[in-house]
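> would you be able to build a 3D model of this:
(chains A and B)
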Amino acid sequence: MTHILIVEDEITLAKEISNYLIDSNYNCTITHTYKDALKILAEKGFTVILLDLKLPDGNGLQLIQYLKKKKITSGIIVLSANDELNIRILALDAGADDFLMKPFHLSELNARLKSLIRRKFHKGNTDIEFNEIKIDIDKKLVLINNIGLVLTAKEYKLLLYFISNAGKVITKEAIGFSIWRDNSDMDFSSEIIYTHVKNLRKKLILAGCKDYIKSIYGVGYKFDD
Amino acid sequence: MKLVYKTILINTFVSISILFIGEWSLYTFLKNKLDQEAIEHLKEEREIMLKKLDNGINIDLLKNNIGDEINVLETASVIYLSPTFRDTIILEELENGEDEAEIFLAKKIIFDTKQQSKNYRISIIKSTDEDEDFGKSIQITLILSGLIMVLVLISINVLVYNKLFSPVLKLISDMGNFSIQKLQKINAPKTSTLEFQKLGMIISNMSQKNIKDYILMKEFTENMAHEIQTPIAVISSKIEQCMQDKNLTEEQSQLLGEANKALNKLFNLNKGLSLLSKLDNKQYISSQPININALIKERLSYFSDFIEDKNIVISENYTSDIVVNMDISLAEILLDNIFKNSIKHNFENGKITIATEPNAIIISNTGDEPLVSTEQFFNRFYSKNTNESLGLGLSIIKKIIDYYNFKITYVYLNGYHQITIHFT
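Sure thing, here's the model as predicted:
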């Protein structure tokens, strides 16, 4: 089982993250302070550390430097409310694998987490399988019952996002962010999302796939069998 | 008008007025006195003449008096029993080469007298021209001394102004240069004038207090924007968790969807405000040369979905390469907001044209006529009354432009909204 360490001083937020990840079959440990994080890291190894930069008794950046010095190979995803534009660069330079600005969608965090684990720990075997769907991440290839399916770049991204969050309700806003990042605040983005999802769904069904994409009225979508 | 000129003007006006009034009074006073003296002189001469006549001196001999002009006429009737005085003139006889006779002012006494049963009318004319000359020299002296006084007054004014007012002038220039963002208070200038000491102190304290308030406000805004992120993150994750509940009714999940949508809007708004506050506080220092043409192409690609959705035709015309030194993130935000705006307020099947000129880009798009005058276009929170738009985009554009001292112009021309950015 994958072990995740959540270093986040906001207790409620840490709990919500942990709940969501436990639902997705991760093993989660929560610490709220820099000191506790150091202590627990000395005792136990983690696959990925979710790290808030602003801790009551220290700076997350220092923790990254500590991990690098100790040659701890855990993946690091920085979660920060500090929206200084260069903080992302600082964190990535220090050795973080990914950076997510607060507030974020839990489904986005989940997708990033899965992607990081794939990149970092499953080198050479980066295929994703979901029943009859198989995705070769390296080649960006989608196979349905071993037959190739041609998707646009956005449909591919969307399918990956859906499978990463299989069984979960995903909001339109989260999908918008995953596609357009900071430019997802356009008025008519939900219509475009609808179009993309509709096309993806049609292609999957035509390729002989079960209809996994369920539309949840007023909210978003769910990819589920 | 400068204070010193005003003072000089008033001083000069008042002193010249007094000078003229004084001059005029002195002139009339002197003239009266001199006239009276002339009359007295004539009276005395008459007395002497009468005495001489009484002593039996031949009346014709009296004419030979050197000095005043004396006329003696035999007359039948006696009119001037008492002496009569008249103003008159003396005409100088024409000399060679002179066109006009010289005229002298004079006083004349006329009186009748009897000698050896003959009536004589005697007139004595005394030139007062010398008195006139005397008056004139006094006048000139007075005017000259008056003018010298005015000049001295002006110099004193200038000196006093430059010397005494220099602390005030320094204070004024310091206040003009005062920028709250520099966080430097105005120092009270050194002066021994009590009022100016007070003024300097008050202004210095005021600037210090303003800076303190500004720092507090800045910190508050920044902290606010920052602190709001965490509760939004908590609410967002709560809503997302709620949505996972399999027993939710359609209505309940729709409510959650709406709450999430509103929260997302709040998040974007907060992000925009936070960016604006950062720009206000000049927190972007990194700078690198950026190829604007390449960046336009890159940023435009992020909007391909939205452009295709509205079926907007984009035409690009890059006639010159533009390289600008700026923060890469800000350059992206600038272009993104311009594109967002030109897509958002465009028609279905509308057009966007992008052109570059030396040091300028021109982006125009089709769209409805603006409701508000084009000058108000960049004001914070101006939005086209659509519930969806946040209206911060344009303020962000303007702030970034101002931050780098670029120039932006907006016009609505032939159905096109046209934004031009000059990178100067």
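
> near chain A, which residues of the stretch 151-300 of chain B show up?
Contacts of the stretch 151-300 of chain B with chain A, taken as Cβ under 8 Å from any Cβ of the partner chain, map to B:225-226, B:229-230, B:232-238, B:240-241, B:243-244, B:250, B:253-254, B:256-258, B:260-261, B:264-265, B:267-268, B:271, B:274-275, B:278, B:283-284, B:286. Backbone N, C-alpha and C define where each C-beta goes, glycine included.

> select from those residues every entry located in helices.
Of these, the ones assigned to helices by DSSP state H are B:225-226, B:229-230, B:232-238, B:240-241, B:243, B:250, B:253-254, B:256-258, B:260-261, B:264-265, B:267-268, B:271, B:274-275, B:278.

> pull out the buried members of the residues you listed.
The neighbour-count test (16 or more other Cβ atoms under 10 Å in any protein chain shown) marks B:225-226, B:229-230, B:232-238, B:240-241, B:243, B:253, B:256-257, B:260-261, B:264, B:267-268, B:271, B:274-275, B:278 as buried among these.

> which other helices and strands does the helix or strand of chain A with the lowest mean pLDDT contact?
One helix or strand of chain A scores below all others by mean pLDDT, DSSP states H and E: helix A:85-94, with a mean of 85. Counting contacts by 3 or more Cβ pairs under 8 Å, 6 or more residues apart in numbering or on different chains; DSSP states H and E, helix A:85-94 is packed against helix A:60-69, strand A:75-80, strand A:98-101, helix B:328-344.

> list of residues touching that helix?
Contact with helix A:85-94 is made by A:53, A:60-61, A:64-65, A:68, A:78, A:80, A:99, A:101, B:284, B:286, B:327, B:329-330, as judged by Cβ atoms under 8 Å, 6 or more residues apart in numbering or on different chains.

> who wins for proximity to A:V150 among the helices and strands packed on helix A:85-94?
Closest to A:V150 of those is helix B:328-344 (Cβ to Cβ; 27.9 Å).

> element containing B:I362, please.
strand B:360-366 (DSSP states H and E).

> where does pLDDT dip in chain A?
Along chain A, the model assigns pLDDT under 70 to residues A:83-85, A:124.

> and the strands in it?
In chain A, the strands defined using DSSP state E lie at A:3-7, A:27-31, A:48-52, A:54-55, A:58-59, A:75-80, A:98-101, A:127-130, A:133-136, A:141-144, A:147-149, A:169-171, A:213-216, A:220-223.

> in TSV: those, plus distance to chain B and mean neighbour count.
Formatted as TSV, the strands of chain A follow (distance: least, Cβ to the nearest Cβ, whole Å; neighbours: other Cβ atoms under 10 Å in any protein chain shown):
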stretch	distance to chain B	mean neighbour count
strand A:3-7	12	23
strand A:27-31	14	17
strand A:48-52	9	25
strand A:54-55	9	18
strand A:58-59	15	14
strand A:75-80	8	24
strand A:98-101	8	19
strand A:127-130	18	14
strand A:133-136	22	17
strand A:141-144	20	18
strand A:147-149	21	14
strand A:169-171	4	27
strand A:213-216	6	16
strand A:220-223	7	23
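
> how far does the least confident helix or strand of chain A sit from the chain's center?
19 Å (Cα atoms, centre = their mean, to the nearest Å).

> can you check stretch B:331-347 too?
41 Å.

> in it, what counts as buried?
Under the neighbour-count criterion of 16+ other Cβ under 10 Å, stretch B:331-347 has B:331-346 buried.

> what about the one residue in the stretch 51-200 of chain B that gets nearest to chain A, distance to A:N146?
Per Cβ to the nearest Cβ, B:Q181 is where the stretch 51-200 of chain B lies closest to chain A, at 18.4 Å. Computed as Cβ to Cβ, to the nearest Å, the B:Q181 to A:N146 distance reads 64 Å.

> of the two, who's got more company?
Between B:Q181 and A:N146, counted using other Cβ atoms under 10 Å in any protein chain shown, the more crowded position is B:Q181 (11 against 7).

> apart from its neighbours in sequence, what residue is nearest the more buried one?
B:K282 (6.5 Å; Cβ to Cβ, 6 or more residues apart in numbering or on different chains).

> which one, of the helices and strands packed on helix A:85-94, ends up nearest to A:E43?
Closest approach to A:E43 among the helices and strands packed on helix A:85-94 is made by helix A:60-69 (14.4 Å; Cβ to Cβ).

> the closest one vs chain B: in contact?
No: using Cβ under 8 Å from any Cβ, helix A:60-69 stays clear of chain B, with a minimum separation of 14.3 Å.

> helices or strands next to that helix in the packing?
Counting contacts by 3+ Cβ pairs under 8 Å, 6+ apart, helix A:60-69 is packed against helix A:34-43, strand A:48-52, strand A:75-80, helix A:85-94.
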